[in-house]
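A.B. asks: Here is my input, please return the structure:
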Amino acid sequence: MSNISRDEVAHLAKLARMAVTEEELDVFAGQLDQILDAVAKVGEVAADDIPPTSHAVPLTNVFREDVVRPGLTQQEALAGAPAAEEGRFRVPRILGEEQ
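C.D. replies: Got it, this is the predicted structure:
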């Protein structure tokens, strides 16, 4: 069983730039002990003959196959644009930059 100290909690809080009270140090130390114990139990269960998994059941791809289809030409894409310039959509300037 792990036993994290108040000084270790205070150090972690300082690294995380968290302001904690004296009472919170005791509470957090107990909570962190529980978390570390739970992680240790998981480590005990894991064995070399059990492969690591990200899901309990196998996942299959449910997406359709990609199919290449013809798209619009540059002229067709720009045909409906209110304004075009040099083969691109022309949009109003929004940053107020000088040209």
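A.B. asks: Okay, strands next: where are they in this protein?
C.D. replies: Taking DSSP state E, the strands of the chain run over residues 84-85, 88-89.
A.B. asks: ok now the first one, how far from the chain's centre?
C.D. replies: Centroid separation between strand 84-85 and its chain, computed with Cα atoms, centre = their mean, to the nearest Å, is 39 Å.
A.B. asks: Name the residue closest to the centre of the chain, please.
C.D. replies: Residue closest to the average C-alpha location in the chain (Cα atoms, centre = their mean): residue 54, at 15.6 Å.
A.B. asks: ok, and the helix or strand in this structure with the lowest average confidence?
C.D. replies: Counting by mean pLDDT, DSSP states H and E, the weakest-scoring helix or strand in the chain turns out to be helix 22-45, with a mean of 89.
A.B. asks: ok, and for it, which residues are buried?
C.D. replies: If you call a residue buried by 16 or more other Cβ atoms under 10 Å, then helix 22-45 has these buried ones: 24, 25, 28, 29, 33. Every C-beta, even on glycine, is put in place using the N, C-alpha and C of the backbone.
A.B. asks: re earlier: in a markdown table: the strands of the chain, plus mean pLDDT and mean neighbour count.
C.D. replies: Conversion of the strands of the chain to a markdown table gives the following (pLDDT from 0 to 100; neighbours: other Cβ atoms under 10 Å):
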| stretch | mean pLDDT | mean neighbour count |
| --- | --- | --- |
| strand 84-85 | 92 | 12 |
| strand 88-89 | 94 | 12 |
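A.B. asks: just so I know, which of those lies nearest residue 15?
C.D. replies: strand 88-89 (48.2 Å; Cβ to Cβ).
A.B. asks: which helices and strands does the least confident helix or strand of the chain pack with?
C.D. replies: Other helices and strands packing on helix 22-45, by 3 or more Cβ pairs under 8 Å, 6 or more residues apart in numbering; DSSP states H and E, are helix 6-15.
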